[in-house]
Structures are given as structure tokens and as C-alpha cells.
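In: have a look at this prediction, sequence included:
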Amino acid sequence: MLLSTMADGSIADRPDILFQNQYDRIGVVEGGPHYSLWSPDGKKLASIVGTLSGLVLALFDTEDESFLTLPLRAPMYFGWSPNSERFAVHGSRKLQIIDDLIDGEFGLELEGGSSRYFAPQFAPDGEGIAFVTEDDGNFFLNVHQFSNKTDTPVASFEGFVWFRWSPDGESLAVLKGDSQSAESEIWLVAANGRSKMLLVRGRYQMFMWSPDGEKLLLSEVDKLQPFRALWTVIDANAGVITQLATFTPTLSLQQMILFFDQYSASHTFWSPDGQSIVFAGVLHTPISDEGPSARSIERIWVVDVDGDTLQTAPSRSDPLSSDQLANRVTTGTSLLLPGVLLALVGALFE
């Protein structure tokens with residue numbers, strides 16, 4: 001079930017039902033819609049939902065309470081332009097742009113149907129979009145400019161890649177996977193294609209830009225205990241790495257990490273001031289004041305990015321007050337509530 005309610009809690013007891021899954025077994029996130037993503041203007045919502053005919057991508061208009069579905073097959077990944085006027089969909093071996101959100105018609109198809117990446121992303125100024133193309137076995141990270149309708153290859157990579165724009169739009173961070181091993185690399189690529197720099201090599205699963213674009217939060221698989229992960233932060237300019245915590249993620253968090261390029265459009269682990277991260281799971285290090293019993297269960301943890309301070313969110317017996325919740329969500333009027341654990345964690349991450 002997909003619900004919408006007011007972020008200030010004023011109608012929390014009477015949320016609006018946007019969609020009821022027609023067949024609960026259908027879906028990557030068990031029991032509910034997934035990849036739910038608000039348009040930046042807060043008027044529309046995109047989500048993959050389960051119907052009797054399978055998974056479909058639905059666009060909801062929250063003002064007139066209507067929705068339309070797009071005739072695509074899973075897997076599907078998508079994103080909004082910053083001004084909410086364009087919507088990009090990567091699915092069915094195609095990359096298509098919708099510029100008529102009323103009828104849901106695709107106005108532009110780009111050469112970005114490669115299976116070597118998941119989610120395309122609009123540039124922060126909305127004037128371009130990044131995606132991956134294939135040419136005779138070679139794979140290129142491309143940027144399409146809408147104004148002059150040109151595609152510019154900014155870097156070439158072997159293997160699978162995940163990428164996200166820096167907040168200032170000057171560069172893209174790229175995680176490159178190796179199909180022959182568990183090793184991966186994170187690169188920094190100039191948006192104009194003039195430079196490409198290796199930041200770090202290891203067993204990284206994801207990255208996420210800090211709000212100011214100065215740092216990247218990284219999740220790396222623990223080499224000795226693969227079910228555990230390590231949070232680190234790397235300075236994108238100096239290359240200095242700070243270790244933050246070793247943890248076992250919740251199932252919902254692991255889902256977000258594996259598909260981080262899609263989920264990072266709707267959720268962030270960073271606090272708005274870039275001084276802390278928040279995550280859910282079992283904490284192993286650093287040692288908290290909560291004691292072993294508290295650290296052995298799944299909880300929500302807040303860690304300063306300097307690695308010094310650790311705190312937990314209130315337990316279930318001490319629920320978040322409206323003021324505490326407001327401090328953990330971005331400015332907005334509505335919260336999206338999928339009927340899974342990810343809903344609670346997502347609200348805190350935002």
C-alpha cells in the first residue's frame with residue numbers, strides 16, 4: 001500500500017491511500033510499492049507498483065488524485081528533472097524522456113538503453129542528463145544536453161557502473177564494478193570530460209555525496225565478515241578517508257545500498273548540515289554507551305562524520321516526538337509511507 005500524509009503529523013491518523021497493490025507478492029520490496037519518488041515541486045509521485053499484469057511504473061498526480069501507468073517492463077529506473085517538467089525512464093532496454101506529464105507520452109528517446117547501469121540522472125541545473133551507452137563492446141558515460149541536443153561521452157569504463165552528479169554539477173562520481181571479482185573503484189569524472197581521477201579502490205557497494213559536495217559517504221563490504229559493512233567518508237578533494245562505523249544493515253537498508261543510485265534520489269543518509277549520517281542496523285564499532293544488549297539489535301544510529309560522536313534514535317518504547325521527527329526530515333508538506341519497514345527508516349533518512 002502507498003500512503004501519503006502531512007509531514008507535520010496533522011492528519012497522521014487519516015493518510016490518503018494513493019495505491020493498493022493488486023497482488024502483494026509482486027515487487028522487489030515485499031508487500032508494497034517501491035522506488036517511490038516525489039517530483040521536486042511535490043505535485044507528482046512516481047512509483048513501481050504491483051498489478052495483476054505485473055510490475056508497472058505509475059505516475060500519481062496528488063492534486064487531482066489521478067494516476068497513469070507506463071507500458072514498460074522491469075527492471076525500471078527513473079528520475080525527475082529539477083524543475084519537475086521532465087521525467088526520465090530507463091527500462092525495456094531504452095532510455096526515454098517524458099516531457100508531457102499529463103498524457104505520459106515519451107517525447108525523446110536517447111541511446112542510453114545499456115544494461116550496464118541502472119538509474120539515469122538529470123544534471124543539477126536540469127540542462128543535461130547522464131547515462132551509459134554501448135558501442136562495439138565499449139561503454140561510455142554520456143551527458144546529453146537538451147539545449148543543443150548533443151551527446152558528449154565524458155568517460156569510458158569496463159564493467160557495470162553507478163553514477164551521481166555532484167551538487168554543483170561540475171563532476172560525476174562513478175562506482176565501477178568488476179564482474180570477475182568483488183573489487184570496485186570509485187572515480188571522479190569532470191562533467192565536461194576533461195579529467196578522470198581514481199579516488200579509491202576496495203570492495204565498495206555505494207557512495208553518496210554530502211550536501212556541500214565536499215565529501216562522499218562510502219559503504220564497503222567487510223573483508224573478514226561479508227555480512228557486515230563499513231561506513232567511511234572520503235574528502236573528494238584531498239582523498240583523506242575517515243572510518244565511521246562497522247555495522248550489519250537491516251534488510252531494507254541493504255536494499256537501498258544495492259540500488260543506491262535509484263534510492264539516493266529520494267533518501268539521503270546525510271544530515272542537512274553534512275555533519276552526521278543516520279542509518280539502521282546492528283552496530284559493531286565504535287562502542288556506544290548503550291551497552292552490548294542495545295548494540296546487538298537493529299536500531300537507528302546517528303554518527304558524526306568526524307567519527308567521534310555516536311547516538312541512537314529513541315527506542316520503540318520512547319517514540320519520536322513531532323519535533324524530533326521534524327529535525328530528521330527535509331522541508332516539505334507531505335511524507336510518503338510505503339507499507340514496509342522502509343517507510344520509517346526513509347522518513348528518518350530524509
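Out: Happy to help now that I have it. Numbering: from 1, shown residues only.
In: and residue 257, what element?
Out: helix 251-258 (DSSP states H and E).
In: mind listing the helices for this structure?
Out: 251-258, 260-263, 292-295, 322-326, 342-349 (DSSP state H).
In: which elements pack onto the helix holding residue 257?
Out: Counting contacts by 3 or more CB pairs under 8 Å, 6 or more residues apart in numbering; DSSP states H and E, helix 251-258 packs against strand 204-209, strand 276-285, helix 342-349. Where C-beta positions appear, they are placed from N, C-alpha and C, glycine not excepted.
In: please save the CA atoms from that helix in CSV.
Out: Provided in CSV are the C-alpha atoms of helix 251-258 (Å, rounded to 0.1, in the frame of the first residue of the first chain):
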residue,chain,number,x,y,z
LEU,A,251,17.2,-5.8,5.1
SER,A,252,15.6,-2.5,4.0
LEU,A,253,18.9,-0.7,4.3
GLN,A,254,20.7,-3.4,2.3
GLN,A,255,18.2,-3.0,-0.4
MET,A,256,18.9,0.7,-0.5
ILE,A,257,22.6,0.2,-0.6
LEU,A,258,22.4,-2.3,-3.5
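In: ok now it, how far from the chain's centre?
Out: Counting by CA atoms, centre = their mean, to the nearest Å, helix 251-258 is centred 10 Å from the centre of its parent chain.
In: do the same with stretch 252-260
Out: 8 Å.
In: check the gap between residue 117 and residue 132 for me.
Out: Distance of residue 117 to residue 132, computed by CB to CB, to the nearest Å: 4 Å.
In: so for these two, which residues contact both of them?
Out: Common neighbours of residue 117 and residue 132, using CB atoms under 8 Å, 6 or more residues apart in numbering, are residue 161.
In: neighbour count winner among these two?
Out: residue 132 (26 against 23; other CB atoms under 10 Å).
In: quick check: residue 135 vs residue 142, distance?
Out: Using CB to CB, residue 135 is found at 10 Å from residue 142.
In: wait, residue 269
Out: Residue 269 is 28 Å from residue 142, by CB to CB.
In: report the inter-axis angle for the helix holding residue 257 versus strand 204-209.
Out: Calculated by axes from the mean of the first three to the mean of the last three CA atoms, to 10 degrees, helix 251-258 forms an angle of 80 degrees with strand 204-209.
In: buried set for helix 251-258?
Out: For helix 251-258, the neighbour count (16 or more other CB atoms under 10 Å) marks 252-258 as buried.
In: swap in stretch 113-122?
Out: Under 16+ other CB under 10 Å, the buried positions of stretch 113-122 are 113-114, 116-122.
In: and those, which is closest to residue 156?
Out: residue 116 (11.4 Å; CB to CB).
In: the closest one touches residue 161, doesn't it?
Out: Yes: at 6.4 Å, residue 116 and residue 161 qualify as touching, with contact defined as CB atoms under 8 Å.
In: overlap in contacts of these two?
Out: Counting by CB under 8 Å, 6+ apart, the residues touching both residue 116 and residue 161 are 132, 139.
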